[in-house]
Structures are given as C-alpha cells and as structure tokens.
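Peer 1: below: sequence and its predicted model.
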Amino acid sequence: MIVASQTWELFLPGCSSLKEKRSVVRSMRDRLRSKFNVSVAETGLQDSHGRAELSISLVTTDRRQAESILDKTDQFVEGLGTAVIVRVDRAFL
C-alpha cells in the first residue's frame, strides 16, 4: 500500500481579500476532490490574501499510479488559471 501526499504553495493573483481567496480555494478543493477522489485541505497561509497552501493525499497499491495521479493534479491546478504554483512538495510512504 502506498500513501502519497502533495502540498502546493500557491500565488493567487487578483485576490484582494480573504473572502475572494476562500472562494478560489474552496472551488479548487471541491474540484480536486470530485475529479481525482483525493483528500484535500488548506494546510497553511490562511491569513494571507494572495497566497495559499493546499495539500492532497491518496492511498493506492502502486507507486506509479500514485505518481500519475499527482502529476495529473499538478496539471489540473495549473490549467485552472486561478493560481500559480510557487512550490510543490511530494511524499510517499
């Protein structure tokens, strides 16, 4: 069994209030859960208007499958156009 996690530090251009940020992060979180069946949480930078930290985790039987899903989530987040990925951290157990 493989447990994989990934954390993004995101820059959110155009978010000038925490309310706007929450809307962007909530939409991203819900879409990631729905499309990829992963656990998602905002794990840091909650008080920053223009930055967010979002983490996902998943469990699978194959490391290659886990890596593939994490790659697809990266592409998905980039493709949304609402955030710029500043940093990515991955971990496998």
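Peer 2: Received the coordinates, thanks.
Peer 1: would you map the helices across this structure?
Peer 2: For the chain, applying DSSP state H gives helices covering 18-36, 63-80.
Peer 1: can you list these in CSV and add mean neighbour count, distance to residue 51 and mean pLDDT?
Peer 2: Where you see a C-beta, it was placed from the backbone N, CA and C, and this is true even at glycine. Formatted as CSV, the helices of the chain follow (neighbours: other C-beta atoms under 10 Å; distance: least, C-beta to C-beta, whole Å; pLDDT from 0 to 100):
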stretch, mean neighbour count, distance to residue 51, mean pLDDT
helix 18-36, 15, 9, 94
helix 63-80, 14, 14, 95
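Peer 1: tabulate those helices (CSV), appending distance to residue 91.
Peer 2: CSV is the format used below for those (distance: least, C-beta to C-beta, whole Å):
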stretch, distance to residue 91
helix 18-36, 17
helix 63-80, 10
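Peer 1: tell me which of the ones you listed sits nearest to residue 4.
Peer 2: Ranking these by proximity to residue 4 (C-beta to C-beta) places helix 63-80 first, at 3.9 Å.
Peer 1: neighbouring contacts of that closest one?
Peer 2: Defining contact as C-beta atoms under 8 Å, 6 or more residues apart in numbering, one finds that helix 63-80 is touched by 2, 4, 6, 8, 10, 28, 31-32, 35-36, 38, 54, 56, 58, 60, 83, 85, 88, 90, 92.
Peer 1: for stretch 6-26, same thing?
Peer 2: 42-45, 47-57, 70, 73-74, 77, 82-91.
Peer 1: what distance separates it from the middle of the whole chain?
Peer 2: Distance of stretch 6-26 from its chain centroid, counting by C-alpha atoms, centre = their mean, to the nearest Å, is 11 Å.
Peer 1: again with stretch 66-76
Peer 2: With C-alpha atoms, centre = their mean as the basis, the mean position of stretch 66-76 lies at 10 Å from the chain mean.
Peer 1: so what's residue 39 up against?
Peer 2: Contacts of residue 39 (C-beta under 8 Å, 6+ apart): 33, 56-58.
Peer 1: out of the residues you listed, which is most surrounded?
Peer 2: Among the contacts of residue 39, the one with the most neighbours (other C-beta atoms under 10 Å) is residue 56, at 22 neighbours.
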